[in-house]
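Asks: What shape does this take:
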Amino acid sequence: MGRLFGLNGQAMVEWLLLPLSWLSNLGDYMHFSPSKSAKNVTNFMGTAFLLGGFLSDAFFTTYHIYLISVVVEFLGLVVLTIRATSPSLKLSECMKEEGDGRNPMQGGEW
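Replies: Down below sits the predicted model:
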């Protein structure tokens, strides 16, 4: 029983900290504005909650959805760790000239 509470606590901490990582990646590497980054993260998190709730109510039990989500989250963290440690998989920062009108951080579109 203690192990279950430990895993649930770890999942809650990850669920609270991952959006911060997403916001920085969307802003720094994908050059979204802060408001667009926040909107995308909010949409993703809301969709994940709604989809999990719908699937657990309509097709599976809550326990099965929990197990599926743990596996998907673990695989996502493995992929994120591999991407963070491998230099060839890191996103490159955009080297656009300032003022070319295409940088979303300056009000332009790509």
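Asks: Against which helices or strands is the biggest helix by length in the chain packed?
Replies: Determined from DSSP state H, the single longest helix within the chain is helix 2-28. Helix 2-28 sits against helix 34-58, helix 62-85, with contacts defined as 3 or more CB pairs under 8 Å, 6 or more residues apart in numbering; DSSP states H and E. All C-beta atoms are positioned from the backbone trio N, CA, C, and that covers glycine.
Asks: middle-most residue in this structure, spatially?
Replies: Centroid-nearest residue in the chain, with CA atoms, centre = their mean: Trp22, separated by 4.9 Å.
Asks: which residues does that residue contact?
Replies: Ser37, Asn40, Val41, Phe44 (CB atoms under 8 Å, 6 or more residues apart in numbering).
Asks: could you dump those residues to a markdown table with pLDDT?
Replies: Shown next, in a markdown table, are the contacts of Trp22 (pLDDT from 0 to 100):
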| residue | pLDDT |
| --- | --- |
| Ser37 | 86 |
| Asn40 | 88 |
| Val41 | 86 |
| Phe44 | 84 |
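Asks: Ranking helices and strands of the protein by mean pLDDT, which lands last?
Replies: Lowest mean confidence among the helices and strands of the chain (mean pLDDT, DSSP states H and E): helix 2-28, at a mean of 78.
Asks: Which positions in that one come out as buried?
Replies: For helix 2-28, the neighbour count (16 or more other CB atoms under 10 Å) marks Leu18, Trp22, Leu23, Leu26, Gly27 as buried.
Asks: nearest residue to the fourth one other than its sequence neighbours?
Replies: Spatial nearest neighbour of Leu26, chain neighbours left out: Ser37 (3.9 Å); criterion: CB to CB, 6 or more residues apart in numbering.
Asks: Could you measure from that neighbour over to Glu73?
Replies: Counting by CB to CB, to the nearest Å, the gap from Ser37 to Glu73 is 21 Å.
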